[in-house]
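Enquirer: Need a 3D model of the following:
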Amino acid sequence: MYFLITGQNCKALEWNQCALNGREKALGRDHTDTLTTVNNMALVFDRQGEYIKALEWYQPLDGNEKILGRDHPDTLTTVHNMALVFYYQGEYIKALEWYQRALDGEEKTLGRDHPGTLITFHNMARALDGREKTLGRDHPDTLTTVNNMAKVKDYLSTLTSADINAQGGH
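Expert: You can find the predicted model right below:
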């Protein structure tokens, strides 16, 4: 992750590929450490703007769901990352579908006021803006999303600064 964080994408790809080869050999394809490395490979492609490759690497999501469960935080991270890829590609409807899936799981697993859940909600708002531009403000799908987001916003408005700080937010 160091190389990815410092913007050294080629090195990140090289090191993650090496780690993946070793983990697949030693632990198997379905081991959680191997699946984490697969997710890291997808992140590198995502950062490079190679979204099709990123989606291909995120496809082992089935492995995460099978091993960890649909609502496990690691599975939800992959779901969220896939939503980001769709967002960056301008596929706002797909992005919103994946964000909704992540949000549903995060609310169940982490709670509505968890920082991870709040980040997903924020990213959904960005995707909604793109959806409005694509479908129009009065399209039924846009209005359904606005309604769902209004419900979440209403809940969030009941939180105090102390509630958010207690959950690790800013």
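Enquirer: dump the residue contacts of the residue most central in space within the chain.
Expert: Centroid-nearest residue in the chain, with Cα atoms, centre = their mean: residue 80, separated by 1.3 Å. By Cβ atoms under 8 Å, 6 or more residues apart in numbering, the contact set of residue 80 is 98-99, 102, 119-120, 123. In short, each C-beta sits where N, CA and C put it, glycine included.
Enquirer: Now intersect those residues with the helices, please.
Expert: 98-99, 102, 119-120, 123 (DSSP state H).
Enquirer: Please name whichever of the residues you listed scores lowest on pLDDT.
Expert: Going through these one by one, the lowest pLDDT turns up at residue 123, 84.
Enquirer: Selecting buried members of the ones in helices among the contacts of residue 80 in ChimeraX, what would you type?
Expert: Selecting the buried subset of the ones in helices among the contacts of residue 80 in ChimeraX, with 16 or more other Cβ atoms under 10 Å as the burial test, is done by:
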select :98,99,102,120,123
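Enquirer: Which two among the ones in helices among the contacts of residue 80 are spaced furthest apart?
Expert: The distance between the two most remote of the ones in helices among the contacts of residue 80 (Cβ to Cβ) is 13.8 Å, for 98 and 119.
Enquirer: Just the element for residue 14, please.
Expert: helix 9-27 (DSSP states H and E).
Enquirer: Buried ones in that helix, by neighbour count?
Expert: Here helix 9-27 shows 9, 12-13, 15-16, 19-20, 23 as buried, counting by 16+ other Cβ under 10 Å.
Enquirer: just stretch 25-41 next, same as before
Expert: In stretch 25-41, counting by 16+ other Cβ under 10 Å, buried: 34-41.
Enquirer: What average pLDDT does that stretch get?
Expert: Per-region confidence: stretch 25-41 scores 89 on mean pLDDT.
Enquirer: hang on, the earlier thing: can you tell me which helices and strands the helix holding residue 14 packs against?
Expert: For helix 9-27, the packing partners by 3 or more Cβ pairs under 8 Å, 6 or more residues apart in numbering; DSSP states H and E come out as helix 2-5, helix 32-47.
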